[in-house]
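S.K.: Give me a 3D structure for the following:
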Amino acid sequence: MKIAVVGTGYVGLVTGVCFAETGNDVTCIDINTEKIASLQAGKITIYEPGLEVLFERNKEQERLHFTSSLAEGIKEAQVIFLALPTPPGDDGAADLSYILGVAGDLSHIIDSYKVIVDKSTVPVGTSERVHAELAKHLSPDLFDVVSNPEFLREGVAVEDFMKPDRVVIGVSSARAKQVMERLYKPFVRQGNPILFMDERSAEMTKYAANAYLATRISFMNEIANLCERTGANVDHVRRGIGSDTRIGKRFLFPGVGYGGSCFPKDVQALHLTSKDHDYDFKILDAVMDVNHRQKHILAEKILKYFNNNLRGKRISVWGLAFKPNTDDVREAPAMNIIEDLLAAGAIVTATDPEAIPNFKKFFTGNIDYSEDMYDVLDGADALAIITEWNEYRTPDFTQLKTRMKAPVIFDGRNIYDLEDIPSEFHYSSIGREFLQPK
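M.R.: Got it, this is the predicted structure:
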């Protein structure tokens, strides 16, 4: 099948590469000519484990193409995926200008039947707006609009796409349904379902899923904070409730809050949808409030330890991405934590295996960076762990003690078991007892 993917960001590039991997002929389109030139030259533009291998293989086998021309890219396509950004506005509403703009452009150049697929996360009713935009200049028999939300987790996106738990497709046309069923059949050979529904329900499903997962995270952070006050250990509590099959063990890890490209904006958008329909979504209000407070909790712990005086203190930071195995820093807790530390007068040096270039683009504060996780420790008064990268899980504690001015760790992701902390360290985590040198 010939496919066009408009937008080569995180969702668009993963979508295009994975569809090419199942034998489709895919053309990815983007107005960013510099990005297209890099992709044409064989240089992948995002970090995602496993993606580069598929990218190189399908480009070499000429199933994967790139262009900045919309007309050229969609000319022979049977299916056009819209994988465009929908950033939140000041009021939290998703900005649909990119999607509707491309739909308007398509209405002038489509000359044969095509299925237009909303792959971006969009508010309920967007498929109807896209349909209306296309219908301004197109006969209704030349297109159908489908909602096909993505459920990709950064860091394991390739696996999520190639072996999905389920595929959600909102469609009202039998013709479009047949096309989409054929397209996704190779990905569900193990029996996982393709769930067909109306377009509005598909759009709501994406928001509902992310809002629920965000709720679990915020709930567990509340439990962790309560554990600290009561003397309970959140690790035990997490395992205790996660073993209940009605609950499950995922998204029950406490930390410094959720971030990234999906949860924050999707929760905000669902919140706005509820307000637009005069519904007081109290749980969602609480989720956002808890997450906002949680992003400042690690800095508060550090301030308290130093008696509210960080002037001239050197704080080393491990981890800038919002989670491991990605270079995405959108809504990353590291932003808030480092801002709090700088505001209190601290000197910050940070490292991350992948996210330093992106963090520099978005963060304007005056901090130092190092590629080496140990170099940032030189002369540090404390280490703050913000992202749970694997390389941070088994550090050389002897080197930490040698390089740091004092062996003090603030662990915002609980990546160490308490019994593994050397006895000479100060160690503070989330929802567990504070360890002091023995």
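
S.K.: where exactly do the strands run in the stretch 101-250 of the chain?
M.R.: For the stretch 101-250 of the chain, applying DSSP state E, counting those that start in this stretch gives strands covering 114-118, 143-147, 167-170, 194-197.

S.K.: Show the average pLDDT along the first one.
M.R.: Averaging the model's pLDDT scores along strand 114-118 yields 98.

S.K.: Other residues contacting that strand?
M.R.: For strand 114-118, contacts defined as C-beta atoms under 8 Å, 6 or more residues apart in numbering pick out 74, 77-82, 99, 103, 106, 126-127, 130, 134, 142-149, 176, 179-180, 203. For glycine as for every other residue, the C-beta is placed from the backbone atoms N, C-alpha and C.

S.K.: Per the annotation, how does the chain divide into domains?
M.R.: Here the domain assignment for the chain is 2-197, 206-293, 295-428, based on automatic domain parsing.

S.K.: and the residue nearest to I421 when sequence neighbours are not counted, what are its bridge partners?
M.R.: Leaving aside its chain neighbours, I421 sits nearest to Y427 (4.6 Å; criterion: C-beta to C-beta, 6 or more residues apart in numbering). Beta-bridge pairing of Y427 under DSSP bridges involves I409, L435.

S.K.: okay, now Y427: neighbour count?
M.R.: 21 (other C-beta atoms under 10 Å).

S.K.: got a list of what it touches?
M.R.: So Y427 contacts 409, 411, 416, 418, 421, 434-435 (C-beta under 8 Å, 6+ apart).

S.K.: Could you list the buried residues of the helix or strand hosting L270?
M.R.: Per DSSP states H and E: L270 is located in helix 263-276. Using 16 or more other C-beta atoms under 10 Å as the test for burial, helix 263-276 gives 263-273.

S.K.: How about stretch 60-72?
M.R.: Those would be 63-68, 70, for stretch 60-72 by 16+ other C-beta under 10 Å.

S.K.: now, which of the residues you listed lie within strands?
M.R.: Per DSSP state E, strands hold the following members of those: 64-67.

S.K.: pLDDT score for the residue nearest to T387 when sequence neighbours are not counted?
M.R.: Among residues not flanking T387 along the chain, G319 sits closest, at 2.5 Å (C-beta to C-beta, 6+ apart). On pLDDT, G319 comes in at 98.

S.K.: ok, now which ones touch G319?
M.R.: 334, 351-352, 385-389, 392, 413.

S.K.: in the stretch 301-438 of the chain, which spans are helices?
M.R.: 333-343, 356-362, 397-403 (DSSP state H, counting those that start in this stretch).

S.K.: follow-up on the earlier one: filter the contacts of strand 114-118 down to just the ones in helices.
M.R.: 74, 99, 103, 106, 126-127, 130, 134, 176, 179-180, 203 (DSSP state H).

S.K.: Turn the buried ones among those into a named ChimeraX selection, would you?
M.R.: In ChimeraX syntax, the buried subset of the ones in helices among the contacts of strand 114-118 is picked out as below (16+ other C-beta under 10 Å):
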select :74,99,103,106,126,127,130,134,176,179,180,203
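
S.K.: got the ones in helices among the contacts of strand 114-118 as a markdown table, with pLDDT and distance to L341 columns?
M.R.: A markdown table is the format used below for those (pLDDT from 0 to 100; distance: C-beta to C-beta, whole Å):
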| residue | pLDDT | distance to L341 |
| --- | --- | --- |
| I74 | 97 | 48 |
| I99 | 96 | 38 |
| A103 | 97 | 44 |
| L106 | 97 | 47 |
| T126 | 95 | 40 |
| S127 | 96 | 44 |
| V130 | 97 | 44 |
| L134 | 97 | 49 |
| A176 | 98 | 52 |
| V179 | 97 | 52 |
| M180 | 98 | 49 |
| E203 | 96 | 39 |
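
S.K.: right, and the pair among the ones in helices among the contacts of strand 114-118 with maximum separation?
M.R.: Spatial extent of those (C-beta to C-beta) is set by the pair I74 and E203 at 22.9 Å.

S.K.: Wait, V122 touches M204, no?
M.R.: No. Contact status for V122 versus M204: not in contact, 10.6 Å apart, counting by C-beta atoms under 8 Å.

S.K.: what distance separates the helix or strand of the chain at the bottom of the mean pLDDT ranking from the centre of its chain?
M.R.: Using mean pLDDT, DSSP states H and E, the weakest-scoring helix or strand in the chain turns out to be helix 263-276, at a mean of 87. For helix 263-276, the separation from the chain centroid amounts to 16 Å (computed by C-alpha atoms, centre = their mean, to the nearest Å).

S.K.: separation between H131 and D144?
M.R.: 8 Å (C-beta to C-beta, to the nearest Å).

S.K.: sorry, that was for S274
M.R.: From S274 to D144 the distance is 29 Å (C-beta to C-beta).

S.K.: Over to D375?
M.R.: Distance from D375 to D144, by C-beta to C-beta: 55 Å.
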